[in-house]
Structure formats: structure tokens, C-alpha cells
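Trainee: Structural data only, the sequence is not supplied:
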């Protein structure tokens, strides 16, 4: 008895003579990636929302943010791998490297689609904010036309010395408190002080300083007392301005560190997704290649 095994022998054309890109396979992988990502995102939202306990946890939002970031990266890796594997499996390329490239292109298309969706969402948010601000401006203009303009301007002039973030004239004790009281009695003095504050202080605006001293002398102070009062106000203003500048620099430093950290984490996440996409495409094409080369056509006995 003799057993004969017949194996199909296939002759394939050179890869350079074949169609190397299957856009249908890439589109199918993209659809699968997007749908799986959506499903996993909904699952993560459901689990995360159910795990929040604001009555017992002191800061539940922090843990939720960290868990959301981890789940987002993990779900993206899973979705990209499955989509790239399907793209590589459907590519029909003669080599496993063809599937790898199909997986990379599928990942690139999914990334660009995600970026486009984020940009569109940001545009909607910015457009809504602009519409809201436009409505507020129109409402304010309408109220001013109805007769509130004069009273609003009068209130603004009276509050000028006190409503600036860097102005120390709002204190009611000490020399600057005395200056604030006098500025309330004389709105023009408040306007001059606000102008001097805007220009950077007495040293940067000597004309406004001299005008403020002259107004103080008209309110009963002598020249020396008026100059000393303005100098004390300017000194306190410079101190407050320096503190505000220091806080602004600290905020800018934190913002820069946050942007840098976010950019690095985004780069690492995209690099991981690229590796997973290449792996998935290669695995899908390699499984197809093994099936082609190891398929047994028939087995007979004689």
C-alpha cells in the first residue's frame, strides 16, 4: 500500500508586478478600529461613572482622570490591534510585510480621523462661546441705550481706584486708605491714579504723579504731605505688582510643564499604537501566508 500526498503548488507573480495596496482592507480595518474604540469608550464611561463615590472620596475627580487616561490608552491599543489585524488579513499581499504596512496605514487613518473629530468638537465649543459672548455684548448695549449708560459710567469712575487687581488704594487704613477716601470724594483723582497705575507707576508717569499731587493739595494737604502720600501709594502698588507678576510666572511655569508632559505622553501613546498596529497587520498577513503554503489539496491511497 502506498500513500500519496498531493500539495498544491502555486506560482505567484513578483511582488513588484502586483497591486500592493488594498484600500478596501484599510477601510475595513479603519471601521473596525473606530467601532471597537467607541464600544470600549462607552464601557469605560459606564464603569468609571459607577465607581465614583463623592460622599466618601475627598477628591474623586483626580482618580477618575487617571483611570480614564489609562483606559483610553489601553482601549486604543486594543482597537488598533484588532483593526490592523483585519486590514492585514484582508490585504491579500504575498508577504507578511505587506500586512504590516496595511496595519500602519490603518492606524494613520484612524489617528487622523480622531484628530479631525477633536478639532470639530473644539470648533463647536469655541463657536458656542462666541455666540454667548456676542449675546452678552448685545444685551449690555441694549441696556445702555435704555438709559443706564450715565449711571454705569459714574459708577465705573467712582470705583476706578478700587477695582484694579494691582491697585492698593482699596484699603481703608493707613496712608493709602486715606488716599482711597480722597479719591472717592474726587473722581478725577481716581482717574489720574488709575492712569498712573496703568502706565506702570509714578516713576513711569511723572506727569500723572504731579497732577495727583496738585489735586491733593487742592483738597487741603500741603505739597510735602501730598507727595509723601503719592509715594507711599506708589511703593505699595509696586510691591503688589511684583507679587502679581511672580504669581503669573508660577502659573505660566505650571502651564508649560503641563503642556510638555501632555505632549510627551501623547508621543509615547502614539508610538505604542504604531507598534501595535504594525504587529497586528503583520500577524493578520502572516496567518494568511501560512494557510497558503501549508494547505493540503488531497490525500489518497493506492
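Mentor: The structure has been received and is ready for your questions. Since this is a predicted model, take the numbers as computed values, not measurements.
Trainee: just checking, what packs against the helix or strand where residue 78 lies?
Mentor: In the assignment (DSSP states H and E), residue 78 maps to helix 60-91. Packing partners of helix 60-91 (3 or more C-beta pairs under 8 Å, 6 or more residues apart in numbering; DSSP states H and E): helix 23-51, helix 96-143, helix 223-293. Bear in mind the C-beta positions are built from the backbone N, C-alpha and C, glycine included.
Trainee: got the angle between the shortest one and helix 223-293?
Mentor: Put plainly, it is helix 23-51. 130 degrees (axes from the mean of the first three to the mean of the last three C-alpha atoms, to 10 degrees).
Trainee: Which residue ranges make up each domain of the protein?
Mentor: With domains defined by automatic domain parsing, the chain comprises 3-7+20-136+264-297, 153-249.
Trainee: can I get those domains in a markdown table with mean pLDDT?
Mentor: Formatted as a markdown table, those follow (pLDDT from 0 to 100):
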| stretch | mean pLDDT |
| --- | --- |
| domain 3-7+20-136+264-297 | 82 |
| domain 153-249 | 69 |
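Trainee: could you dump the ones you listed to JSON lines with mean neighbour count and distance to residue 256?
Mentor: Shown next, in JSON lines, are those (neighbours: other C-beta atoms under 10 Å; distance: least, C-beta to C-beta, whole Å):
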{"stretch": "domain 3-7+20-136+264-297", "mean neighbour count": "16", "distance to residue 256": "13"}
{"stretch": "domain 153-249", "mean neighbour count": "17", "distance to residue 256": "10"}
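Trainee: Just send the helices and strands packed on helix 60-91 back as JSON lines, with distance to residue 69 too.
Mentor: Formatted as JSON lines, the helices and strands packed on helix 60-91 follow (distance: least, C-beta to C-beta, whole Å):
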{"stretch": "helix 23-51", "distance to residue 69": "11"}
{"stretch": "helix 96-143", "distance to residue 69": "15"}
{"stretch": "helix 223-293", "distance to residue 69": "8"}
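Trainee: With respect to residue 181, which of those lies nearest?
Mentor: Nearest of the helices and strands packed on helix 60-91 to residue 181, taken as C-beta to C-beta: helix 223-293 at 11.2 Å.
Trainee: nearest to residue 179, of the helices and strands packed on helix 60-91?
Mentor: Here helix 223-293 is closest among those (C-beta to C-beta), at 5.3 Å.
Trainee: and the angle from the closest one to helix 60-91?
Mentor: Using the same axes, to 10 degrees: helix 223-293 against helix 60-91 is 30 degrees.
Trainee: Quick check: which helices or strands does helix 223-293 pack against?
Mentor: helix 60-91, helix 96-143, helix 174-185, helix 187-198, helix 206-218.
Trainee: So what touches the last one?
Mentor: It stands for helix 206-218. 179, 182, 186, 188-189, 192-193, 195-196, 199, 202, 223, 225-227, 229-230, 234 (C-beta atoms under 8 Å, 6 or more residues apart in numbering).
Trainee: redo that, cut-off 6 Å
Mentor: 189, 192, 195, 196, 202, 223, 226, 227, 230 (C-beta atoms under 6 Å, 6 or more residues apart in numbering).
Trainee: I'd say the first one and residue 183 touch.
Mentor: Put plainly, it is residue 189. Yes. At 4.8 Å, residue 189 counts as touching residue 183 under the criterion of C-beta atoms under 6 Å.
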